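Visitor: Provided below for reference: sequence and predicted model.
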Amino acid sequence: MNPRLFAGSMMSYLYNAHVGTLPSRRMRQAFLRAYLGGLGAGATVQMGCRFLNGRKIFLGDRTVVNFSCLLDGRQYAIRTGHDVSIGPEASILTLGHDPQSSEFGDRGGDVVIGNHVWIAYRAIILPNVHLGDGVVVAAGAVVTRSCEPYTIVGGCPAKVIGQRSTDLTYTLEYAPWLM
């Protein structure tokens, strides 16, 4: 087995099975600084989140990843801007299977998330999607294609259901003690 692949697999296992369940945000943050491709200033990851190949996951400044999320960086990257809120149990996927492939082949692509994006509870972002600045993804939505800046999308598959104000000046500072 390739030593880098083995090391990455061990890091994923350690975080997903042990470190990610610790009620110490500082211990999780220290591990994530070594494990992820990038962890911006003030970014927080709550307990119970799972990462598949953290080396391809880059979280921007003050990104908040709520409890029990799945971020899949197995083959392609996930990149977030700043002040991004990823709601509980959301999934961001970069790899899947091609339904037209006779060999059940893989298909995927990077997921890029702009600044001030809000991904709500149990939303799913599929491979090769770009969410522009200020996008809101409604709870339970399944995003199958890229979204224009400041749109609000919802449904399965997600469709534009509204527009968001472009005057976003907030900064996220959410770091609960035991989460």
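Guide: Okay, I see it. Numbering: from 1, shown residues only.
Visitor: would you list every one of the helices in the chain?
Guide: 3-17, 25-35 (DSSP state H).
Visitor: so which of those gets nearest Lys56?
Guide: helix 3-17 (9.6 Å; C-beta to C-beta). From N, CA and C alone the C-beta is placed, and that goes for glycine too.
Visitor: which strands and helices sit next to that closest one?
Guide: Contact here means 3 or more C-beta pairs under 8 Å, 6 or more residues apart in numbering; DSSP states H and E; on that basis helix 3-17 packs against helix 25-35, strand 50-52.
Visitor: and the last one, which strands flank it?
Guide: The partner list of strand 50-52 in its sheet, established with DSSP bridges, is strand 70-72 (parallel).
Visitor: so where's the chain uncertain?
Guide: 177-179 (pLDDT under 70).
Visitor: on that earlier part again, mind putting the helices of the chain in JSON lines, distance to Leu95 and mean neighbour count included?
Guide: Formatted as JSON lines, these follow (distance: least, C-beta to C-beta, whole Å; neighbours: other C-beta atoms under 10 Å):
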{"stretch": "helix 3-17", "distance to Leu95": "14", "mean neighbour count": "13"}
{"stretch": "helix 25-35", "distance to Leu95": "19", "mean neighbour count": "15"}
